[in-house]
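Chemist: The amino acid sequence is not available; the structure is as follows:
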């Protein structure tokens, strides 16, 4: 069975600085998708970024980028030029390319200091 | 507005009550999901519906009863719940099949349920 692990329950970053959130996963599949979702206090789960395992190039969305290391089964999220609105719970998630359920990590709570 | 609407946003109920949670998606998707989010725990998938047919029931107690009358609406009927069922219940939808790019799940804002 696949598992997703986020080893940092809490992280803090100064406004305008860069922060990296860690995620590791375990799977025997070769084709899958990885996601980072953001859940602010409003509770809305918002997709931040998505990576397809068969693509070697790391995904990027504006200030958000990932470091996808397939062999190491690592999928970290880098947030550049952090803003107060980035404060939220961040979840890493895995999904098989065959479809099926999203498997979530435990989450990392990010606080941004002004 | 993400295209997935959940009502009510908050619900308080006694253990003997019967209530329903509603989810509606305006994205034209063909799959819908119920997740449970408890404090300090990862999201847990409860039910999956593809083309209105239930395709997954993740060992959920029978006091939770899902209903999917059409591809845009999903309900979760609740009866004789326990205090440990208090949690945030999230609905999501996705477009399954038809290519690699259409498997992203979009979430509603959830219903915060408290069972007294």
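Modeler: Arrived safely, thanks for sending. Nothing here was measured: the structure is a model prediction, and the numbers come from that model. Numbers count the residues shown, from 1 in each chain, chains lettered A, B, ... in the order given.

Chemist: Where does the prediction get shaky in chain B?
Modeler: For chain B, the stretches with pLDDT under 70 are B:1-2, B:52, B:98-102.

Chemist: so what's the closest residue to chain A within it up against?
Modeler: At 3.6 Å from chain A, residue B:107 is the closest residue in chain B, using Cβ to the nearest Cβ. Any C-beta I mention is one placed from the backbone N, CA and C, and that applies to glycine too. By Cβ atoms under 8 Å, 6 or more residues apart in numbering or on different chains, the residues touching residue B:107 are A:37, A:44, A:45, A:46, B:2, B:4, B:90, B:91, B:92.

Chemist: Beta-bridge partners for the spatially most central residue of chain B, please?
Modeler: With distances taken as Cα atoms, centre = their mean, chain B has residue B:34 as the residue nearest its mean C-alpha position (2.6 Å). Bridge pairing for residue B:34 (DSSP bridges) gives the partners residue B:47, residue B:91.

Chemist: From the contacts of residue B:107, list the buried ones, please.
Modeler: Buried positions within the contacts of residue B:107, assessed by neighbour count (16 or more other Cβ atoms under 10 Å in any protein chain shown), are A:37, A:44, A:45, B:2, B:4, B:90, B:91, B:92.

Chemist: Make TSV out of the contacts of residue B:107 and add distance to residue A:64.
Modeler: Formatted as TSV, the contacts of residue B:107 follow (distance: Cβ to Cβ, whole Å):
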residue	distance to residue A:64
A:37	12
A:44	17
A:45	16
A:46	11
B:2	18
B:4	22
B:90	22
B:91	25
B:92	21
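
Chemist: So which residues of the chain form strands?
Modeler: Defaulting to chain A. A:3-5, A:10-14, A:19-21, A:24-26, A:32-39, A:46-52, A:60-61, A:64-69, A:74-79, A:88-96, A:103-104, A:108-113 (DSSP state E).

Chemist: that answer is for a different chain, and I need it for chain B
Modeler: B:4-7, B:10-13, B:18-25, B:31-37, B:44-50, B:53-57, B:64-70, B:73-79, B:87-94, B:106-107, B:111-115.

Chemist: could I get those as a markdown table with distance to residue A:5?
Modeler: Listed next are these as a markdown table, based on distance: least, Cβ to Cβ, whole Å:
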| stretch | distance to residue A:5 |
| --- | --- |
| strand B:4-7 | 27 |
| strand B:10-13 | 32 |
| strand B:18-25 | 29 |
| strand B:31-37 | 18 |
| strand B:44-50 | 16 |
| strand B:53-57 | 23 |
| strand B:64-70 | 28 |
| strand B:73-79 | 29 |
| strand B:87-94 | 21 |
| strand B:106-107 | 22 |
| strand B:111-115 | 27 |
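
Chemist: count of residues packed around residue B:23?
Modeler: By the measure other Cβ atoms under 10 Å in any protein chain shown, the count of residues near residue B:23 is 27.

Chemist: Brilliant, that's me finished.
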